[in-house]
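S.K.: attaching a predicted model along with its sequence, questions to come.
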Amino acid sequence: METKRIPDVTFKTRSRNIDTGDFEWQHPTTADYFGGKRVVVFSLPGAFTPTCSNFQVPGYEARFEDFKAEGIDNIYCISCNDSFVMNAWLQDQRVKNVEFIPDGSCEFTAGMDMIVKKNNLGFGARSWRYAMIVNDGVVEKMFVEPGKSDDCETDPYGETSPETVLDFLRGA
C-alpha cells in the first residue's frame, strides 16, 4: 500500500497574543500541527453550516477523551474558510479540545485532492467531507463520504462521524 503524506502547507491564522491581548497573524505549518503527533483530522464544507455545526464538531468535541484513550494527541477541524470565520465559529461552538485550522485558500484541501465546487449553493470551492488519522504527517486511514462530486445535491454524513473513526481505532 502506498504511503500518503499530507501536503506541506503554511496556514494563515490569527491568534491572541497572551501578553498584549491583541490578535496577531501566525503562520503555522503542517509540520507544526502534525509533526511527531498522531491526530484525527476532519474536514467539512464550511463553518456555520448545519451538519458541521450540529453534529460533526460537537460529536468530536464530546468524544475527545475517547480519542485520547485510543492514542490520539489532537483533533483538528479543517475548513476552506479564512481565519476570521474559523475564529468566530470556534467561539460560537464553544469547543475546548478540537482545534480549528483555517484553509482559506484551500491549499491543504487541494493537496489532499478533496476540493469540490459548491457553486450550486453559492459556496465556491470547498472541501468534500472527509476524516483521517494522521501519524507524524503520514495518513494511516482516510474516511471519505460517498458521492464526491462538484455541485452535489446532498451532504452525506456518516463515514466521517466520530463514532465511525473511533470504531476503527478500537478495531471494530
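M.R.: Structure's in. What do you need?
S.K.: okay, whichever helix or strand F168 is part of in CSV with CA atoms only?
M.R.: Element membership of F168 [criterion: DSSP states H and E] is helix 162-169. What follows is helix 162-169 as a C-alpha-only set of coordinates in CSV (Å, rounded to 0.1, in the frame of the first residue of the first chain):
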residue,chain,number,x,y,z
PRO,A,162,-16.6,10.5,15.3
GLU,A,163,-18.3,7.1,16.0
THR,A,164,-17.0,5.6,12.7
VAL,A,165,-13.4,6.9,13.3
LEU,A,166,-13.5,5.6,17.0
ASP,A,167,-14.8,2.2,15.9
PHE,A,168,-11.8,1.9,13.5
LEU,A,169,-9.4,3.0,16.2
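S.K.: from the contact counts, what lies against that helix?
M.R.: Other elements packing on helix 162-169 under the criterion 3 or more C-beta pairs under 8 Å, 6 or more residues apart in numbering; DSSP states H and E are helix 57-62, helix 64-69, strand 130-135, strand 138-144. To be clear about C-beta, it is placed using only N, CA and C from the backbone, and glycine gets the same treatment.
S.K.: distance from the last one to the middle of the chain?
M.R.: The reference is to strand 138-144. Average the C-alpha atoms of strand 138-144, do the same for its chain, and the two points are 12 Å apart (C-alpha atoms, centre = their mean, to the nearest Å).
S.K.: what mean pLDDT does it have?
M.R.: For strand 138-144, mean pLDDT is 97.
S.K.: okay, buried residues for that strand please.
M.R.: Buried residues in strand 138-144, defined by neighbour count with 16 or more other C-beta atoms under 10 Å: 142-144.
S.K.: closest one of the residues you listed to R129?
M.R.: R129 has its nearest neighbour among these in V144, at 7.8 Å by C-beta to C-beta.
S.K.: apart from its neighbours in sequence, what residue is nearest the closest one?
M.R.: The shortest distance from V144 to any residue that is not its chain neighbour, by C-beta to C-beta, 6 or more residues apart in numbering, is 4.6 Å, and that residue is Y130.
S.K.: so who does that neighbour touch?
M.R.: With contact set as C-beta atoms under 8 Å, 6 or more residues apart in numbering, Y130 has these partners: 42-43, 112, 114, 142-145, 160.
S.K.: tell me the one among these nearest to W25.
M.R.: The shortest gap between W25 and any of these belongs to S43, at 22.5 Å (C-beta to C-beta).
S.K.: right, I'll call it a day here.
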